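>>> Need the 3D shape of this:
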Amino acid sequence: MKSQRIPFTKMHGAGNDFIVIDNRTEVIDHDAFTKQIPLLCHRRYGVGADGILILEADQRASYRMIYKNADGSDAGMCGNGGRCIALFSTTIGYNSDHTFIAGSSIYRAVVRSNSVVIHFPVESVVRIVDGSEDGEIYQVHTGTEHIVLEAGPGLLEADSELITLGRKLRYAKAFKPAGTNVNFMTVKGDKRIRLRTYERGVENLTLACGTGSIASALTAHSLSDERTNRDLYTVECDGGELEIGFNHNRESGIYSQITLKGPAEIVFEGIIDI
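Residues are numbered from 1 along each chain as shown. From the prediction side, this is the model:
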């Protein structure tokens, strides 16, 4: 069988890392390529990444972003991935202010050097889920599925405990069939949050999660006494800080005009030989 050589760019957003591929000329056979994703994302036998970002042509926006988890499964919106592909797109000719499609939604990206702001078209609410022995669980959809739990500083730094609890909740009956990402946060005050996320599809803790940071900021705001219509939270992840902006309607509880700001970096370029 003849091998296929595919150019790629390795990128990260606050430590959440991705293999980015320009597929405007349809160099990828999706079915065949998807089978290779777990190997490509493997950190010893492949390039190593939390997921794959594929840029494809789409007449409804500047381009379409397809995001695949490290296990090859389909994923919803990825905030850190969105910032990375937005920066990548400017290196192949797209404007610094542009739109892209992820899932069924159109997002706006504004690239300023290595800082990118993503404007989310989604409206979200924070719902309480019965967590019983695991404590209060908050469910927030931010373009993909998330739950948020408050965690003390001791638990927040206990990797093995977070992984065990994250794996348990990720597959919990209440979140089937899609499953969920699991966020553990400590609210530090002054609109700052310390966050660690167990990501579905990676099946481990990651250095940062953009949509998880949004879910956690909205949850923290819902638990506070804040009465402002527009707010800004800073989320401290292992890989760096992210800024979350949003509007809040106190009567309906709806969060809208959500923005995610954070870093995006190109690490290296190479050729995948499949």
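
>>> neighbours around residue 26, how many?
By other C-beta atoms under 10 Å, the residues close to residue 26 number 9. Every C-beta, even on glycine, is put in place using the N, C-alpha and C of the backbone.

>>> Quickly find the element holding it.
Residue 26 is part of no helix or strand, with elements assigned from DSSP states H and E.

>>> next one: phi and psi at it?
The phi/psi pair for residue 26 (degrees, to the nearest 10) reads phi 60, psi 50.

>>> Please apply the same query to residue 113.
phi 60, psi -120.

>>> Neighbours of it, how many?
By other C-beta under 10 Å, neighbour count at residue 113 equals 9.

>>> Start the count at 176 instead of 1 going forward.
Sure thing, new numbering starts at 176, so read that last one as residue 288.

>>> Check it and give its pLDDT.
Residue 288 carries a pLDDT value of 90.

>>> and it, how far is that from residue 271?
Distance, residue 288 to residue 271, using C-beta to C-beta, to the nearest Å: 9 Å.

>>> Ok, residue 446 next?
For residue 446, the distance to residue 271 - C-beta to C-beta - is 27 Å.

>>> Those two: which has the busier surroundings?
Each of residue 446 and residue 271 has its neighbours counted (other C-beta under 10 Å); residue 271 has more, 14 against 8.

>>> Check the gap between the more buried one and residue 367 for me.
29 Å.

>>> any low-confidence regions in the chain?
The model of the chain has pLDDT under 70 over residues 176-177, 306-307.

>>> quick check: domain ranges of it?
Taking automatic domain parsing as the criterion, the chain consists of the domains 180-295+439-448, 302-436.

>>> Excluding sequence neighbours, find me the nearest residue to the spatially most central residue of the chain.
In the chain, the centroid-proximal residue (C-alpha atoms, centre = their mean) is residue 253; its distance is 3.2 Å. Excluding the flanking residues, the one nearest residue 253 by C-beta to C-beta, 6 or more residues apart in numbering is residue 242, at 4.7 Å.

>>> from memory that neighbour sits against residue 227, does it?
Yes. With contacts counted by C-beta atoms under 8 Å, residue 242 reaches residue 227, the gap being 7.2 Å.

>>> which one of those two has more residues nearby?
Taking neighbours as other C-beta under 10 Å, residue 242 and residue 227 compare with residue 227 leading, 26 against 21.

>>> Show me what the more buried one is bridged to.
Beta bridges link residue 227 to residue 194, residue 243 when assigned by DSSP bridges.

>>> could you measure it against residue 390, distance?
23 Å.

>>> Centre of the chain to stretch 293-305, how far?
Computed by C-alpha atoms, centre = their mean, to the nearest Å, the chain-centroid distance of stretch 293-305 equals 14 Å.

>>> what does stretch 337-347 give?
Relative to its chain's centre, stretch 337-347 lies at 18 Å (C-alpha atoms, centre = their mean).

>>> Which positions in it come out as buried?
Buried positions in stretch 337-347, judged by neighbour count with 16 or more other C-beta atoms under 10 Å: 337, 340-341, 344-345, 347.

>>> Make sure residue 213 is actually in contact with residue 244.
No. Counting by C-beta under 8 Å, residue 213 sits too far from residue 244 to count as a contact (9.3 Å).

>>> Look at those two and report which has more neighbours.
Neighbour count, other C-beta under 10 Å: between residue 213 and residue 244, residue 244 has more, with 20 against 16.

>>> out of everything not next to it in sequence, what's closest to the more buried one?
residue 376 (2.5 Å).

>>> The one you found falls within a helix, correct?
No. Using DSSP: H, G, I helix; E, B strand; the rest coil, the secondary structure at residue 376 is coil, not a helix.

>>> mind checking how far residue 202 is from residue 397?
According to C-beta to C-beta, residue 202 and residue 397 sit 44 Å apart.

>>> Repeat that for residue 374.
22 Å.

>>> what about those two, which has more around it?
When residue 374 and residue 397 are compared for neighbours, residue 374 comes out ahead with 27 against 18, by other C-beta under 10 Å.
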